[in-house]
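Trainee: Turn this into a model:
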Amino acid sequence: MSATKDLMGLDPTKSVVAWDRYNRFSHVGYEDMQDPTGIHIEEGEFLYGLVRMLKPLSILETGTNIGVSTQYMALALRDNGLPGATVRTIEHSGCVADKAKARMEYMGLSQWVKFNCCAVSQFFELEEGAPYNMAWLDTEFAQRYSELVWVFDHMIAGGIICIHDLWELDTKDYGGVPDVVREWIRKGFLRALTFDTQHGVTVFQKRRDKDHLANIQAGLL
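Mentor: Numbers count the residues shown, from 1 in each chain. Sure thing, here's the model as predicted:
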C-alpha cells in the first residue's frame, strides 16, 4: 500500500492497527477525541487511486474529522502535479478542524487543502469551489443524502460522488432514498455502485454527455 507508506513517511506518529478484516491508523495527540481513527486505510488507498486516476481539479469533502481521507486525497493531488487542484473539506467542530489542519501542515500537504469550519448547510449557501469533479460525503448519516442532492447540480458531467458508510442504497439509518435521487437513477441521470465492505462505500456518477449506458438504463436506446 504505497500511499499509506508515503503518509507514514510524512507523519512518523502514525502506525497501522488491525481492525477486524481491515486496517486503520492509530494516532498520537487525539486522546481527547471520541473516534480518532478516520477511514480504513484500504478505503484510503481506494480514494488515493481514484484521485490519481481521475485527476480532478476540485474535490469536495464533507466531514473532515481528523483528516485521514483528506490526507489520502491531498497526497494524490500532490502526486498528480496539476496546478490549483484542491480538496475543499468541511468540518463543523472547530477543535477537530484545527487539529486536522495542523496535522496537514506538519505533513506538508496543506497547499492542496482548503479547510472550512462551518456547518455543511452554511458552506452550501456559499457555493464555494463549484463545479466539482469529485465529492466524498462523510458527515452525519441522516444528512448525507441531502448533501448528495445539493452537490449533484454542482458536479461536472461524469463527476464522481462517494458516500461513506453506505453499503446499500436504502439503508434505514439514512432515512431512505430521496424521491429525487430515485428519479435521477430511474432516468439515468445518476448511476450507483455499492461496495459491501465493513463500513460500506457507495459511488455515484453523474450522467455524462453522450452517455450510452445511461440512455440504455433510461430505456432511450
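
Trainee: show me where the chain has strands.
Mentor: 15-19, 22-26, 58-62, 86-91, 113-117, 132-137, 155-164, 190-195, 201-206 (DSSP state E).

Trainee: by how many degrees do the fourth one and strand 58-62 diverge?
Mentor: Read that as strand 86-91. 10 degrees (axes from the mean of the first three to the mean of the last three Cα atoms, to 10 degrees).

Trainee: bridging residues for the residue sitting nearest the centre point of the chain?
Mentor: The centre of the chain sits closest to residue 136, judged by Cα atoms, centre = their mean, with a distance of 1.9 Å. Beta bridges link residue 136 to residue 61, residue 162, judged by DSSP bridges.

Trainee: residues in contact with it?
Mentor: Counting by Cβ atoms under 8 Å, 6 or more residues apart in numbering, residue 136 touches 47, 59, 60, 61, 62, 69, 73, 162, 164. (Glycine included, C-beta is placed from N, CA and C.)

Trainee: Mind checking the strands of the chain for the one nearest to residue 145?
Mentor: Among these, strand 155-164 comes nearest to residue 145, with 7.8 Å by Cβ to Cβ.

Trainee: Not counting its own residues, what contacts the closest one?
Mentor: The list of residues contacting strand 155-164 from outside it, by Cβ under 8 Å, 6+ apart, reads 39, 43, 47, 50, 54, 63, 69, 131-138, 144-145, 148, 151-152, 199-209, 211.

Trainee: burial of residue 190, as a residue count?
Mentor: Residue 190 has 22 neighbours, counted by other Cβ atoms under 10 Å.

Trainee: Against residue 85, how distant is it?
Mentor: Going from residue 190 to residue 85 by Cβ to Cβ, to the nearest Å gives 25 Å.

Trainee: okay, now residue 28: neighbour count?
Mentor: 11.

Trainee: For it, give its distance to residue 11.
Mentor: 9 Å.

Trainee: And for residue 156?
Mentor: The gap separating residue 156 from residue 11 is 32 Å, by Cβ to Cβ.

Trainee: what's residue 29 in contact with, if anything?
Mentor: 13, 99.

Trainee: follow-up on the earlier one: PyMOL command to pick out the buried ones of the contacts of strand 155-164?
Mentor: Per 16 or more other Cβ atoms under 10 Å, the buried members of the contacts of strand 155-164 correspond to this PyMOL selection:
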select buried, resi 39+43+47+50+54+63+69+132+133+134+135+136+137+138+144+145+148+151+152+200+201+202+203+204+205+206+207+211
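
Trainee: if we can go back for a sec, of the strands of the chain, which is nearest residue 101?
Mentor: Among these, strand 113-117 comes nearest to residue 101, with 5.1 Å by Cβ to Cβ.

Trainee: I would like the residues contacting that closest one, please.
Mentor: Taking Cβ under 8 Å, 6+ apart as the rule, strand 113-117 contacts 64, 70, 74, 86-94, 97-98, 100-101, 104, 123, 128-129.

Trainee: just the buried members of the residues you listed?
Mentor: So, by 16+ other Cβ under 10 Å, the buried ones in the contacts of strand 113-117 are 64, 70, 74, 86-92, 97, 100-101, 104, 123, 129.

Trainee: from those, which single one is nearest residue 173?
Mentor: residue 92 (19.1 Å).

Trainee: now the closest one, nearest residue through space, not along the chain?
Mentor: Using Cβ to Cβ, 6 or more residues apart in numbering and skipping the chain neighbours, the partner closest in space to residue 92 is residue 119 (5.2 Å).
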